[in-house]
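J.: This is the structure alone, sequence omitted:
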């Protein structure tokens, strides 16, 4: 007969297991597959499953940070957009993606914007440094990963130069993604040089962080805003393309765009909300400053998502753009772990005759993500998607262009982390000339990629297919 304490411990575990399963089933903002996946994990592996759920099962930051962020965003003035008549003409056939984008942050569609695409990652850093060196009023940098390498220190030195000549310089770096830089002397160099540098979503004591929120929920945004008139947006971290913390997968192949016009104030809105949310001073007056007279032709809409906005904002925006494609859709992303609506929109686009070209890296820095991505290959190919794997490094650019007329670029991947966990920033745009520029870059990626055929998929070994499908089954809990 078993001792009483063993029976009591078993009953306690069972009660806790039932309670956590009920919590997983009742958890808001999750699709049924996610609830089912968590319930199975908790039942099959009670101790590990319950601990994993309590640590990673819910999309939550600390209640204080979430409530503070929502209050700040609600109170911030929205920069001016266009009047209704101009917006209706500007949106044209692709009205739906812009209308949906406006509903996320309350930022209206803007027109008269201009944009350029940097030739490569090193050129992007050089041009960003040039803009910092020309700044006269403010410089705002928001970085997910900031490394103390060649490009990272170049940007740091430029920020210090700007601060020393009287420019108000603010830098916000994610606590986890930029942890090595923050712990190095480079961070103190910024403070000593007059830069106001803050840590985004600080981790602090790991146990306390876990109790009040998810430690892996990060600020993944990548932006630079100069003098309230120039904004950089894209996929690039403040680092060398060799990305020496993971050199085995280098080079990181990114895309960075430089914007002018009303859309810059909308990028500023995201920075202001993050800056103030993480304890920075009130700089909301910048959002009411006058905008330079628009000289460009690009219609643009900023979409900023994260735990302080509605749950399905980013995947809905991706899906709406995919649904709007009529002739062609070209997508690049490093991480493909789709939810049902994004996957269904891609499959339906191909099935209704849209030429869908999808480019992923051949070698991914995450084995789990790569296996999950490949579990969808057969369905994509059967639906008619032209699937390719980029062979010349880790394709890190997040791009989507429909019909060579409308597109989306920014920080968000086509994965559940970007959809549900991280703070992300994207720009939805409509302009045939600029869409053509992004499409030309996508064609460069395509020229360095290998097609993936059904024969390739069928050649996957049994262990490989078992691994791919197993991690894909668990993808809803990531």
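T.: In hand now; what should we look at? Keep in mind that this is a model prediction, so the values were computed, not measured.
J.: Do I have it right that residue 225 meets residue 267?
T.: Yes: using C-beta atoms under 8 Å, residue 225 is in contact with residue 267, at 5.7 Å. Yep, even glycine has a C-beta here, placed from its N, CA and C like the rest.
J.: who touches both of those two?
T.: Among the neighbours of residue 225, those also in contact with residue 267 (C-beta atoms under 8 Å, 6 or more residues apart in numbering) are residue 231.
J.: Low-confidence regions, this protein specifically.
T.: Along the chain, the model assigns pLDDT under 70 to residues 1-5, 9-10, 27-33, 54-68, 81-92, 204-216, 293, 476-478.
J.: Tell me which residue lies nearest the centroid of it.
T.: Central residue of the chain (C-alpha atoms, centre = their mean): residue 412, 2.4 Å from the mean position.
J.: Shouldn't that one be within a strand?
T.: No: counting by DSSP: H, G, I helix; E, B strand; the rest coil, residue 412 is not found in a strand; it is coil.
J.: Would you confirm that it contacts residue 315?
T.: No: using C-beta under 8 Å as the test, residue 412 is too far from residue 315 to be in contact (9.2 Å).
J.: what touches both of these two?
T.: Here residue 412 and residue 315 have residue 419 as joint contacts, going by C-beta under 8 Å, 6+ apart.
J.: residue contacts, residue 296?
T.: Residues in contact with residue 296 (C-beta under 8 Å, 6+ apart) are 112-115, 260-261.
J.: hmm, who's touching the lengthiest helix in the chain?
T.: Longest helix in the chain by number of residues (criterion: DSSP state H): helix 4-26. The contact list for helix 4-26 (C-beta under 8 Å, 6+ apart) reads 35, 38-39, 42-43, 46-47, 49-50, 53-54, 57.
J.: at 7 Å what do you get?
T.: The contact list for helix 4-26 (C-beta atoms under 7 Å, 6 or more residues apart in numbering) reads 35, 38-39, 42-43, 46, 50, 53, 57.
J.: Tabulate those (CSV), appending secondary structure, distance to residue 445 and neighbour count.
T.: Shown next, in CSV, are the contacts of helix 4-26 (DSSP: H, G, I helix; E, B strand; the rest coil; distance: C-beta to C-beta, whole Å; neighbours: other C-beta atoms under 10 Å):
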residue, secondary structure, distance to residue 445, neighbour count
35, helix, 37, 17
38, helix, 36, 26
39, helix, 40, 17
42, helix, 41, 25
43, helix, 43, 13
46, helix, 45, 16
50, helix, 43, 21
53, helix, 38, 20
57, coil, 36, 22
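J.: All the strands of the stretch 301-450 of the chain, in order from the start?
T.: With DSSP state E, counting those that start in this stretch as the criterion, the stretch 301-450 of the chain has strands at 328-332, 336-337, 355-361, 386-390, 394-395, 399-402, 406-410, 414-415, 424-430, 449-451.
J.: so the fourth one versus strand 355-361, what angle?
T.: Relative orientation of strand 386-390 with respect to strand 355-361: 20 degrees, computed using axes from the mean of the first three to the mean of the last three C-alpha atoms, to 10 degrees.
J.: mind listing what's buried in stretch 149-167?
T.: Residues 149, 151-163, 167 are the ones in stretch 149-167 that count as buried (16 or more other C-beta atoms under 10 Å).
J.: Residue 169 sits in which helix or strand?
T.: Applying DSSP states H and E as the criterion places residue 169 in strand 168-174.
J.: List of residues touching that strand?
T.: Here strand 168-174 makes contact (C-beta under 7 Å, 6+ apart) with 137-144, 146, 159, 162-163, 181-182, 190, 195-201, 218-219, 274-275, 278, 280.
J.: Which of the residues you listed are buried, as a PyMOL select command?
T.: Buried members of the contacts of strand 168-174, defined by 16+ other C-beta under 10 Å, are picked up in PyMOL with:
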select buried, resi 138+139+140+141+142+143+144+146+159+162+163+181+182+190+195+196+197+198+199+200+201+218+219+274+275+278
